[in-house]
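J.: what's the 3D shape of this:
(2 chains)
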Protein chains: 2
Amino acid sequence: MQKVYLSNYELDEAKKIYFDKLKLRLQTEIVNTWDALGRVTTKPVFAHLSSPHYNSSAMDGIAVKSEKTFGASDRNHITLTEGEDYVVVDTGDPIPREFDCVIMVEDLIKVDDRHIKIYQSSVPWQNIRPLGEDIVENQLIVPSRHKIRPVDIGALIAGGINTVEVFKRPAVGIIPTGTELVEPGSELRVGDIIDFNSRTFTAQVTEWGGIPNRYSIIKDNYKLIKDTVLKANEENDVVLINAGSSAGREDFTSSVISEVGELIVHGVAIKPGKPVMLGIINDKPIIGIPGFPVSAYFVMEEIVKELIYSYQCLETEERKIVNASLTKRCMSSLKYHEFVRVRLGFIGGKYVATPLTRGAGATMSLVNADGVLEINQHTEGIESGTEVKIKLLSAEDKIKNTLVCIGSHDPIIDIAADIMHNRNKKYFLSSSNVGSTGGLMALKTSETHMAPTHLLDMETGEYNVSYLKKYVPGKKICLVKCVNRIQGFIVEKGNPKNITKFEDLLRDDVKFVNRQRGSGTRLLLDYNLNKLNIDPQKIKGYFREEFTHLAVAAAVEAGDADAGLGVYSAASLMGLDFIPVCNEEYDLAIPEEYMDSEIVKEFLETIKSEEFKDKLDELGGYDYSNTGTIIKLQELM
Amino acid sequence: MQKVYLSNYELDEAKKIYFDKLKLRLQTEIVNTWDALGRVTTKPVFAHLSSPHYNSSAMDGIAVKSEKTFGASDRNHITLTEGEDYVVVDTGDPIPREFDCVIMVEDLIKVDDRHIKIYQSSVPWQNIRPLGEDIVENQLIVPSRHKIRPVDIGALIAGGINTVEVFKRPAVGIIPTGTELVEPGSELRVGDIIDFNSRTFTAQVTEWGGIPNRYSIIKDNYKLIKDTVLKANEENDVVLINAGSSAGREDFTSSVISEVGELIVHGVAIKPGKPVMLGIINDKPIIGIPGFPVSAYFVMEEIVKELIYSYQCLETEERKIVNASLTKRCMSSLKYHEFVRVRLGFIGGKYVATPLTRGAGATMSLVNADGVLEINQHTEGIESGTEVKIKLLSAEDKIKNTLVCIGSHDPIIDIAADIMHNRNKKYFLSSSNVGSTGGLMALKTSETHMAPTHLLDMETGEYNVSYLKKYVPGKKICLVKCVNRIQGFIVEKGNPKNITKFEDLLRDDVKFVNRQRGSGTRLLLDYNLNKLNIDPQKIKGYFREEFTHLAVAAAVEAGDADAGLGVYSAASLMGLDFIPVCNEEYDLAIPEEYMDSEIVKEFLETIKSEEFKDKLDELGGYDYSNTGTIIKLQELM
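T.: A predicted model of the protein is given here:
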């Protein structure tokens, strides 16, 4: 069945239509002041009591009547009698009504137990902390629509305010639907999808101050969905219903909303997120969130967040925007306002933004994103190198202390990152896997500090140097030796098909899984096939490309392939067998200008550390005898 | 008894000594992934499962073996048989093992129920979403020491991670001590102090991710304090003990810590906050927090926050710093590193910082502060006009949308602020009460947008204009008429002393409470006394100065004075009687350059609104017939 989107409203227009129609009924409640952290006042709050609520001594000394002190001087001491003329007071003690000032203990001359002498006169209210000095009864403490902070709680209680009227947090019902959905921890069968969207929504609603109520997974059954929607509508202020991600199956959500309420907007011109549904049932909002996790994320961020904030009378805070240079061309449809997740690097004093996978199912693109690039509906795309505005998702400090590492991937990069961060909590590493050649291109466009690379020159058999000369001409690059690593065939446990050499890949019963063009491992394969005069076209699966060692191993583990070329650690992590075929040099290319930065120095110290070497031994398949050796390449050019 | 501070360590030194000695034992726990929002990972988390965990169709269509399609073309259709050559698949459906690609429904020609024809060949893996496309088994999802966000929860669950190991939140015992302390809501007697510090600490600890456990108030009794400290030490990871605020009474806290543990630091060179105690009992931290609320706040912010973050392996985020021009000279002691609370205004495109009350007891200075100015230990002070660095406490957006109003105070300013904020949630108003003359000085130094003023010219009997000419010469000022208000005597209910005219203030049985010099009300008093030839020196209480109408009323209410001059609303709010004596003009002076700004326009609309006038009627004592009339003063000069 083909899905039909009923509308393609622009986002702001859709929100306006919906919110206007919705007419939110804000509810209030009275809470104890000490439980009011983060709650929002419905009206200005004025003090009930003064603080201090009595005149108190600001000093240790005696309380006296000032007129009794008039005329006292160095030459004319005045003697005062306890009980009649004065009483002893400590700081904070109340001043008895008959006295009007305090003389501090340092200015007193003791005569006997009941008498003292003074040698200067006092003025009324001297050394008295008057009633209401901090807070006066009826004084404004916090205004209306104020989000209560810890210091406000203190001041309110000091001012005698023990309860405050605040806006109610909205209760938000979250309904996951889909026959294919299963709860986390279930035994997974092919075709099952773990429901995780509803857990992300729960956390988002919590962060935004709402009260999430997650319902159990509802199968794709019209009556079940309808009953649950009606129940959730009754039990909550807002309902979020998460459609199954399959577009090839009848979607009941829109029909249910239309039957029991009104579907105001179905389809908004944003990507991801377009199939959103904005409905109203019994004057309460119900929002149909698309099934793809990235679509769901943007609908939550762009629409639901504002709704939940509105119940609390809060404005959503604007995310900070920075200028960054876009490292890759980004095409976009004229039909949609597009949200592109980007990774940000702070390279050579400026931000560079690298677009991440744009698929709506790419959960990891949300985890890895530092910011969002918005491409307007009426823009076809943005050229690489353009300065763009990026809405920040990560803290600026963190981005500025992140070592960017783009190129060939090996699990040891993640391990080194972890050790570095534990050595110095300030520093982070962000690694993107684009293969060795991709890393060199990133060096050229200054979008990375460092490019791990293992490119074998087909003619000379030498690693990396000739490629650097070719791809990054004119840049002064240092090649830091990282590890020699063993590449081999990743095969099923026990190697049932007995694959031991490149020639075996030609066999009819052997299905291969390859790495993408431009990756060092692909070059290594092609180099060996070429040497052996093997026609790659004759290898079954040669055209199936995966982007990481782990993905190759996963394909073998799943039985989709019998062999792939990769590193030992990938095979070992997946519980597969490994048939070594050759050694290769896995190096780090770093522009000389970054070599002196603190973060690069910290990383180089890290890979030379005993802790890192211990980890390499644990993983196996790595030789670290040259680790950390620096070759300055400009000398070679 | 005099208090002796044992040390005067610099803050960083004290923290280093203490944290080094403390050797925090970080504890970990396993939590469900869906309950892990905001928790911090103890180690890198790698996927258990691939997502998707099977090869699935990316399209609606049929799954086929690609080799069966080779050779198909427009002129050579190939017929396929269901069950043998293909199966029907929807988007998301698993691909049976024997097939290796998907042909989309648009490219199929139906022959009959069991047969279809195709007219182009397919390549392996076409239209298949391969296993692990989003997340591959063993791939890193989040690194160690990572604070878990909603998107991480989704990705972790998608990757088959249902529990995560995180650092334990520290349990923080909070012990309020002091015989004078009472719980909020108690019947207050003179000398009682409501305990509110412990409630502020509770909220702070919550905000910082700790688990607060507040104990009941403990009287000043050595054994009771010792027993509670030991109990709290056993039940929590951290103990905070809050000394009574009285310095004139024996302080048991330091003795208890020294007896049952070790007092590492007693006294740090910060102000406020110097008497802090940093101790260790049974290897766990105990911190003695000073009693004054502002001292307590800075000890919490500067020391306890870092401690609580450390348990969670988090770095405290740095507060943003802005440059601002200091509006008043700020002297400081060479002995202490001082934290000065400031109010920030964004005036004419730059920040101005006005120091707030510096007393350690000034709770409201924390509520009203937008930032903190730190004055180094070895600096004597900072001159007015100096550009200083301010650590922000408020959001920059909020400060930039705040109308600054410094000058004479009337409750109607708070009311107008509230109405304005409800009309347009974006805008805020910050009012500081420094009297009319103070407001004009603030106009001169460009630290305010607006100065409410009611200054009576003793010679001409005219309001405000001559003062503006004198205090703000050369500036183009608009005088916006606000209200005519009635000033009168605020007296006890029933006016028992029958005070009806200025001459009555001379009576022996009448105690007066005055306003501060420079305030419009003081000038009004002096103007009238002068006209009547009354010697102010002869009025009892003439020298007792309060800073607001409410403070004057509070003094009368408490019986400290029999009469004060003030506005009707202050008397009425306090349930006192009011004897009108004259009318005066309460105007708003606004530099012409700000008159066109959106926020000033919004404020002027507000005071002309029906809602505002209704409120004035409700309060009584205000005439709004000229409200909003603008007099451009430069024309008069």
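J.: quick check, residue A:353 in contact with residue A:346.
T.: No. With contact defined as C-beta atoms under 8 Å, residue A:353 does not count as touching residue A:346 (10.9 Å). C-betas here are computed from N, CA, C, even on glycine.
J.: ok, which residues in the stretch 301-450 of chain A are in contact with chain B?
T.: Proximity of the stretch 301-450 of chain A to chain B, by C-beta under 8 Å from any C-beta of the partner chain, involves residues A:313, A:315, A:317-318, A:359, A:361-364, A:366-367, A:395, A:397, A:411, A:414-415, A:417-418, A:421-422, A:425-426, A:428.
J.: take the residues you listed and keep only those in strands.
T.: Here DSSP state E is the test, and these give residue A:428 as lying in strands.
J.: could you turn the buried ones of the residues of the stretch 301-450 of chain A next to chain B into a ChimeraX selection?
T.: The ChimeraX command for the buried members of those (criterion: 16 or more other C-beta atoms under 10 Å in any protein chain shown) is given here:
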select /A:313,359,361,362,363,364,366,367,411,414,415,417,418,421,422,428
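J.: which ones among the residues of the stretch 301-450 of chain A next to chain B map onto helices?
T.: Among these, the ones falling in helices (DSSP state H) are A:363-364, A:366-367, A:397, A:411, A:414-415, A:417-418, A:421-422.
J.: is residue A:286 in contact with residue A:229, as I believe?
T.: Yes. Using C-beta under 8 Å, residue A:286 is in contact with residue A:229, at 6.8 Å.
J.: which residues are in contact with each of those two?
T.: A:239, A:241, A:257 (C-beta atoms under 8 Å, 6 or more residues apart in numbering or on different chains).
J.: what's the second one in contact with, if anything?
T.: Shown in contact with residue A:241 (C-beta under 8 Å, 6+ apart): A:175, A:177, A:225, A:229, A:232, A:253, A:286-289.
J.: over to the first one?
T.: Taking C-beta under 8 Å, 6+ apart as the criterion, residue A:239 is in contact with A:172-173, A:175, A:229, A:232-233, A:281, A:284-287.
J.: change it to 7 Å
T.: Residue A:239 sits next to A:173, A:175, A:229, A:232-233, A:286 when contact means C-beta atoms under 7 Å, 6 or more residues apart in numbering or on different chains.
J.: need the residues you listed in a markdown table (columns: secondary structure and pLDDT).
T.: Formatted as a markdown table, these follow (DSSP: H, G, I helix; E, B strand; the rest coil; pLDDT from 0 to 100):
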| residue | secondary structure | pLDDT |
| --- | --- | --- |
| A:173 | strand | 98 |
| A:175 | strand | 97 |
| A:229 | helix | 97 |
| A:232 | helix | 98 |
| A:233 | helix | 98 |
| A:286 | strand | 97 |
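J.: can you select the buried ones from those residues in PyMOL?
T.: Buried residues within the contacts of residue A:239, by 16+ other C-beta under 10 Å, are selected in PyMOL with:
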select buried, chain A and resi 173+175+229+232+233+286
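J.: quick check: the farthest pair among the contacts of residue A:239?
T.: A:175 and A:233 (10.2 Å; C-beta to C-beta).
J.: picking that back up, report the lowest-confidence entry in the shared contacts of residue A:286 and residue A:229.
T.: Within the set of the shared contacts of residue A:286 and residue A:229, pLDDT is lowest for residue A:257 (92).
J.: which residues sit in contact with the residue nearest to that one when sequence neighbours are not counted?
T.: In this structure, residue A:257 finds its nearest non-sequential neighbour in residue A:279, 3.9 Å apart by C-beta to C-beta, 6 or more residues apart in numbering or on different chains. Counting by C-beta under 7 Å, 6+ apart, residue A:279 touches A:257, A:261-264, A:286.
J.: state the distance from residue A:279 to chain B.
T.: 24 Å (C-beta to the nearest C-beta, to the nearest Å).
J.: ok so, going back, looking at the contacts of residue A:279, which are in strands?
T.: If you go by DSSP E, the contacts of residue A:279 have A:262-264, A:286 in strands.
J.: ok so, going back, the more surrounded of residue A:353 and residue A:346?
T.: residue A:353 (29 against 21; other C-beta atoms under 10 Å in any protein chain shown).
J.: hmm, residue A:204 is touching residue B:149, no?
T.: No. Contact criterion C-beta atoms under 7 Å: residue A:204 and residue B:149 do not qualify, at 9.1 Å.
J.: higher neighbour count, these two?
T.: Applying other C-beta under 10 Å to residue A:204 and residue B:149 shows that residue A:204 carries more neighbours, namely 27 against 21.
J.: for that one, helix, strand, or coil?
T.: The three-state assignment at residue A:204 reads helix, by DSSP: H, G, I helix; E, B strand; the rest coil.
J.: list the contacts of the closest residue to it other than its chain neighbours.
T.: Excluding the flanking residues, the one nearest residue A:204 by C-beta to C-beta, 6+ apart is residue B:150, at 4.5 Å. Contacts here follow C-beta under 7 Å, 6+ apart; on that basis residue B:150 touches A:200, A:203-204, A:207, B:37.
J.: does any bit of stretch A:61-79 sit next to chain B?
T.: No. Stretch A:61-79 does not reach chain B (C-beta under 7 Å from any C-beta of the partner chain); its nearest approach is 9.2 Å.
J.: okay, how far is it across that stretch, tip to tip?
T.: 15 Å (C-alpha to C-alpha, to the nearest Å).
J.: again, but for stretch A:256-268
T.: Start-to-end, stretch A:256-268 (C-alpha to C-alpha) is 19 Å.
J.: hang on, residue A:509 in a helix?
T.: No. Counting by three-state DSSP, residue A:509 is not found in a helix; it is coil.
J.: in this structure it contacts residue A:497, no?
T.: Yes. Counting by C-beta under 7 Å, residue A:509 touches residue A:497, with 6.4 Å between them.
J.: neighbour count winner among these two?
T.: Legend: neighbour count by other C-beta under 10 Å for residue A:509 and residue A:497, higher for residue A:497 (15 against 9).
J.: once you drop chain neighbours, what's closest to the more buried one?
T.: Closest to residue A:497 by C-beta to C-beta, 6+ apart is residue A:562, at 5.1 Å.
J.: returning to what we had before: let's have the ones in strands among the contacts of residue A:279 in a markdown table, adding distance to residue B:620.
T.: Putting those into a markdown table (distance: C-beta to C-beta, whole Å) gives the following:
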| residue | distance to residue B:620 |
| --- | --- |
| A:262 | 48 |
| A:263 | 52 |
| A:264 | 47 |
| A:286 | 48 |
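J.: neighbour-wise, which one of those leads?
T.: Busiest of those [other C-beta under 10 Å] is residue A:286, holding 28 neighbours.
J.: who's in contact with it?
T.: Residue A:286 makes contacts with A:229, A:233, A:239, A:241, A:257, A:261, A:279-280, as judged by C-beta under 7 Å, 6+ apart.
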